[in-house]
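S.K.: Sequence below, structure please.
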Amino acid sequence: MKVYQYRSPVGRFLIKPQTNGRWGLWFNDDLLGSYHSAMAAADDVYMQATGDYDWDSLDGVDIPTDITEWEVVAL
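M.R.: Okay, the predicted model is just below:
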């Protein structure tokens, strides 16, 4: 399965498959949430609705608009 990465100015996001069939959104080694799809997790990063204050309150960042703009780091 794929692992997606986005290196933001304040840290690294990873979207990784979980053993329960869902996708985990990780930020700097913290699990922020579990999603039904990798796209849903990437959408929360784009909307800055992850629950991480540093990220969600950051202004002026060029954020990938969807999962296709994330780097695939593992298959």
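S.K.: tell me which element G33 is part of?
M.R.: If you go by DSSP states H and E, G33 is part of strand 30-35.
S.K.: excluding its backbone neighbours, what's nearest H36?
M.R.: In space, and not counting its chain neighbours, H36 is closest to R22: 6.2 Å by Cβ to Cβ, 6 or more residues apart in numbering. Just so you know, the C-beta spots here come from the backbone N, C-alpha and C atoms, and that holds for glycine as well.
S.K.: next one: K2
M.R.: K2 sits nearest to V72 (Cβ to Cβ, 6+ apart), 5.3 Å away.
S.K.: As a check, name the ranges of all helices in this protein.
M.R.: Assigned helices in the chain, in chain order: 38-46, 53-56 (criterion: DSSP state H).
S.K.: all strands of this protein, in order?
M.R.: Counting by DSSP state E, residue ranges of the strands within the chain are 3-8, 11-17, 23-27, 30-35, 71-74.
S.K.: wait, what's in contact with D56?
M.R.: Counting by Cβ atoms under 8 Å, 6 or more residues apart in numbering, D56 touches Q48, A49, T50.
S.K.: can those go into a markdown table with extra columns for pLDDT and neighbour count?
M.R.: Below are these laid out as a markdown table (pLDDT from 0 to 100; neighbours: other Cβ atoms under 10 Å):
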| residue | pLDDT | neighbour count |
| --- | --- | --- |
| Q48 | 97 | 14 |
| A49 | 97 | 12 |
| T50 | 96 | 19 |
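S.K.: residues contacting P64?
M.R.: Contacts for P64 (Cβ under 8 Å, 6+ apart) come out as Y6, A42, V45, Y46, W70.
S.K.: Looking at those, spot the one nearest W55.
M.R.: W55 lies nearest to V45 out of these, by Cβ to Cβ, at 7.6 Å.
S.K.: Lovely, talk soon.
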